[in-house]
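Student: Next input, structure requested:
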Amino acid sequence: MLDLRRVFSMTEFLRNHREMAAMLAESRQPVVLTVKGRPSLVLQDAVSYQELLDRLNKAEAGASEG
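Tutor: Below you'll find the predicted structure:
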């Protein structure tokens, strides 16, 4: 579940992209970016994203085996 404290506007991200990138790298937790008040993008650090893909691939492989 996404933490609602980690929802930011695209404008806020663009103004503070360095700090946001550092926060993402340190926390390894995704953030949601909004456009006109609606969720638009999810940003996540590369290592956490790769771990997520690996878990998904493993789950899919297990499901197809059996």
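
Student: Please enumerate the helices of this protein.
Tutor: Along the chain, counting by DSSP state H, helices occupy 10-15, 17-27, 46-65.

Student: Now find how far off-centre stretch 21-37 is within its chain.
Tutor: Stretch 21-37 has its C-alpha centroid displaced from the chain centroid by 6 Å (C-alpha atoms, centre = their mean, to the nearest Å).

Student: Make CSV out of the helices of the chain and add distance to L4, mean pLDDT and mean neighbour count.
Tutor: To be clear about C-beta, it is placed using only N, CA and C from the backbone, and glycine gets the same treatment. As requested, the helices of the chain are exported to CSV (distance: least, C-beta to C-beta, whole Å; pLDDT from 0 to 100; neighbours: other C-beta atoms under 10 Å):
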stretch, distance to L4, mean pLDDT, mean neighbour count
helix 10-15, 15, 97, 13
helix 17-27, 15, 94, 12
helix 46-65, 19, 92, 10
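
Student: Quick one, which of these gets closest to R38.
Tutor: R38 lies closest, by C-beta to C-beta, to one member of these: helix 10-15, at 10.5 Å.

Student: helices or strands up against that closest one?
Tutor: Here helix 10-15 touches strand 31-35, strand 38-43, going by 3 or more C-beta pairs under 8 Å, 6 or more residues apart in numbering; DSSP states H and E.

Student: can I get these in CSV with mean pLDDT?
Tutor: Formatted as CSV, those follow (pLDDT from 0 to 100):
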stretch, mean pLDDT
strand 31-35, 96
strand 38-43, 94
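
Student: And stretch 3-12, what's buried?
Tutor: By neighbour count, with 16 or more other C-beta atoms under 10 Å as the criterion, the buried positions of stretch 3-12 are F8.

Student: my bad, stretch 34-42
Tutor: T34.

Student: And the contacts of that stretch?
Tutor: Contacts with stretch 34-42, where a contact means C-beta atoms under 8 Å, 6 or more residues apart in numbering, come from L2, V7, F8, S9, M10, P30, V31, V32, L33.
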